[in-house]
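Student: Dropping the sequence and predicted coords here.
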Amino acid sequence: MPWLEVSPSHWQRPLGENERMIKGIGDKGHAAGREHWSITVLGAFTLSGSLQDGKLEERLRRAWQLLRFRHPSIASTADIDTVNYLVPDAEALEQWTDETLKIVSDPEATSESLFASFKPSPYITGYFLPHTQKFALHAAHWRTDGYGALQLLNAFFDALASDLDPAAPSWGDEPSRLVPSIEEVLELPEKATPEILAATAECLRSGALVAGSIGLPYLGDLDTKPGGTHRIRRSLAQTATTTILAACQSRGITPLSAVHASLAAANYAGSSSANGAGHYTSTMRFSLRPYLKEPYNSAQYASALYTGSYMAKVPPSNSWEENAAEYNKLYTAGLSHEFLIARRQFAIQVQEMLNRTGNLGPPRSEVDISSVEDAEKLVSPLHRNGSKGGGLLEVKDISLGLECLARETYLFFWTFKGKIEFNLVYNEAFYDKVSMEKVMDSVVEGLMTMS
């Protein structure tokens, strides 16, 4: 069902099944004052020319409000069954800005301490660290995905470089840009057909590959409560990146396939399974955006959850080359028609399983993977101001990660400005920094050995 105006200035639609599923998983962290799988993207930037006018905080507020006008779903809220949006008057807009945009003035604050401070919010929130010139977006995962979050960061930088007054647009028009659920975009029926039920059963079957998978040894036991999320950030030099990308091209594999194979090797090297005898199961993640019709495949729908995945395993007998070839085959094949039509029913059945058991099986402790590949397709390095004076916003660096409250850890991989970038996120209650550094070193070593 599309968005409807249920009362003056109040717009509403049903919460989509995939949103409901991911929201249910994220909400489990609320008891600890956290949001499991919440997404954080960060960009370091500089301003020059006419943008250096000494009015940065004023520009930030204007840009944040303009971002809401262009992407109003960042200010929507969810209850049990619906997503809601209220068209703001001038006072409500200022109150929302005060609540959701934070200037972190503490000169001792770092991006690491900022990430550790995040709490659940009914909205997407923004944070600016003036002493490091970094801006972060934090969002519950039910609201968006990695691709969408970076597109929102790019839209914010566009707004920050603009001189447009957020009071100038016609507030009340923005509900036409509220995002629909993935089920609505794919036009999936509420009642599953036999074809959809068969496709869903096939999608669910990949979850069985988790059984018997290797994992890393972790601290504590099954009763240990999660602590804070930490990260190991690694950036490869342009020369090393060029060498690795050339090696991938000569082998006929994508960089993501090479990283995934190197991560499988790192998991085996650190495995807690006896002699590393089990298989390695990980997630094949895909953005659904390239599979959607216009305009839903565009950055206009950045603040939407349009992602999907399935599980895949590789055996311990495989070589690095065999794993890279297998991952390359799967990534290149992409997603099938059957996968797409199963999105609603798959989420329904997973949610039913979570409601019955509280989880999807025994705790996993492998390092899994997520990637947006070429991030420059999502975040432009340069944003120009059209006014006289040649104002320029340059994005120097970006980062992508999520809140991790489980024993499972995640390696994020992307390229930006000619460099391979990694962010390995883990929970401090289950792993120490030294062991995670070893995992990161092992992944990089695998790539360098290939080249």
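Tutor: Ah, there it is.
Student: How much space separates Ser170 from Tyr331?
Tutor: Per C-beta to C-beta, to the nearest Å, Ser170 is found 43 Å from Tyr331. No exception for glycine: its C-beta is placed from N, CA and C like everyone else's.
Student: Out of those two, name the residue with the larger neighbour count.
Tutor: Tyr331 (18 against 7; other C-beta atoms under 10 Å).
Student: Okay, strands next: where are they in the stretch 151-300 of the chain?
Tutor: Counting by DSSP state E, counting those that start in this stretch, the stretch 151-300 of the chain has strands at residues 229-235, 280-287.
Student: So for Leu4, which of these sits nearest?
Tutor: Of all the strands of the stretch 151-300 of the chain, it is strand 280-287 that lies closest to Leu4, at 28.1 Å by C-beta to C-beta.
Student: Only alpha carbons, please: show that closest one as CSV.
Tutor: Extracted in CSV, the C-alpha atoms of strand 280-287 (Å, rounded to 0.1, in the frame of the first residue of the first chain):
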residue,chain,number,x,y,z
TYR,A,280,33.3,-21.5,5.9
THR,A,281,29.8,-20.0,5.5
SER,A,282,29.4,-16.3,4.7
THR,A,283,26.8,-14.0,3.3
MET,A,284,26.5,-13.1,-0.4
ARG,A,285,25.1,-9.5,-0.1
PHE,A,286,23.5,-7.6,-3.0
SER,A,287,22.0,-4.3,-3.5
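Student: Flag the shaky bits of the protein, pLDDT-wise.
Tutor: Residues of the chain meeting the criterion pLDDT under 70: 273-276, 360-361, 387-389, 451.
Student: how about the helices in it?
Tutor: 17-27, 56-70, 90-100, 111-117, 146-161, 182-185, 194-205, 238-251, 255-269, 320-333, 337-341, 343-357, 433-450 (DSSP state H).
Student: Measure how buried Met284 is and give me the count.
Tutor: What Met284 shows, counting by other C-beta under 10 Å, is a neighbour count of 18.
Student: Would you confirm that it contacts Val314?
Tutor: No: contact between Met284 and Val314 fails when scored by C-beta atoms under 8 Å: they sit 11.5 Å apart.
Student: list residues touching both of those two?
Tutor: Both Met284 and Val314 are contacted by Tyr327, under the criterion C-beta atoms under 8 Å, 6 or more residues apart in numbering.
Student: Let me see the contact set for Lys438.
Tutor: By C-beta under 8 Å, 6+ apart, the contact list for Lys438 reads Gly270.
Student: between the helices of the chain, which gets nearest to Lys377?
Tutor: Nearest of these (C-beta to C-beta): helix 146-161, 9.0 Å.
Student: can you give me the angle that closest one makes with helix 56-70?
Tutor: Here helix 146-161 points in a direction 130 degrees away from that of helix 56-70 (axes from the mean of the first three to the mean of the last three C-alpha atoms, to 10 degrees).
Student: neighbours of the residue nearest to Val314 when sequence neighbours are not counted, just the number please.
Tutor: Spatial nearest neighbour of Val314, excluding adjacent residues (C-beta to C-beta, 6 or more residues apart in numbering): Asn323 at 4.8 Å. Per other C-beta under 10 Å, the neighbour tally for Asn323 reads 22.
Student: pretty sure Asn323 contacts Val259?
Tutor: No: assessed by C-beta under 8 Å, Asn323 is found out of contact with Val259, at 11.1 Å.
Student: Let me see the contact set for the residue positioned nearest the centre of the chain.
Tutor: Within the chain, the residue whose C-alpha comes closest to the C-alpha centroid is Gly146; the distance, by C-alpha atoms, centre = their mean, is 2.7 Å. Residues near Gly146 by C-beta under 8 Å, 6+ apart: 39, 41, 287, 307, 370, 372, 400, 412.
Student: Just confirm the last one contacts Gly401, I think it does.
Tutor: This points to Phe412. Yes: with contact defined as C-beta under 8 Å, Phe412 reaches Gly401; the gap is 5.7 Å.
Student: More neighbours: which of these two?
Tutor: Taking other C-beta under 10 Å, Phe412 and Gly401 do not tie; Gly401 has more neighbours (23 against 20).
Student: Specify the beta-bridge partners of that one.
Tutor: Beta-bridge partners recorded for Gly401 (DSSP bridges): Thr40.
Student: Please tell me how far it sits from Val41.
Tutor: Noted for Gly401: a distance of 8 Å to Val41, by C-beta to C-beta.
Student: Over to Ala198?
Tutor: Distance of Ala198 to Val41, given as C-beta to C-beta: 37 Å.
Student: who has more neighbours, those two?
Tutor: Higher neighbour count among Ala198 and Val41: Val41, with 28 against 13, using other C-beta under 10 Å.
Student: which residues touch that one?
Tutor: Counting by C-beta under 8 Å, 6+ apart, Val41 has contacts 136-137, 146, 149-150, 152-153, 398-400.
Student: sorry, back to before: quick one: which of the contacts of Gly146 has the most company?
Tutor: Val41 (28 neighbours).
Student: Quick one: distance of stretch 322-336 to the chain centre.
Tutor: Computed by C-alpha atoms, centre = their mean, to the nearest Å, the separation of stretch 322-336 from the middle of its chain amounts to 21 Å.
Student: List of residues touching it?
Tutor: With C-beta under 8 Å, 6+ apart, stretch 322-336 has contacts from 251-254, 256-258, 260-261, 264-265, 284, 286, 288, 291, 308, 312, 314, 318, 450.
Student: Mind checking which of the residues you listed are buried?
Tutor: Among those, the ones that count as buried by 16 or more other C-beta atoms under 10 Å are 251, 253-254, 256-258, 260-261, 264-265, 284, 286, 288, 291, 308, 312, 314, 318, 450.
Student: If we go by neighbour counts, what in stretch 226-239 is buried?
Tutor: 226-236.
Student: What's the end-to-end length of it?
Tutor: Start-to-end span of stretch 226-239 (C-alpha to C-alpha, to the nearest Å) is 39 Å.
Student: show me the contacts for the closest residue to Glu19 other than its chain neighbours.
Tutor: Nearest non-adjacent residue to Glu19, counting by C-beta to C-beta, 6+ apart: Trp142, 4.5 Å away. By C-beta under 8 Å, 6+ apart, the contact list for Trp142 reads 19-20, 22-23, 26, 78, 305.
Student: Nearest approach to Leu219 belongs to which of the helices of the chain?
Tutor: Here helix 433-450 is closest among the helices of the chain (C-beta to C-beta), at 9.0 Å.
Student: quick check: angle from the closest one to helix 320-333?
Tutor: Using the same axes, to 10 degrees: helix 433-450 against helix 320-333 is 90 degrees.
Student: Cool, thanks, signing off.
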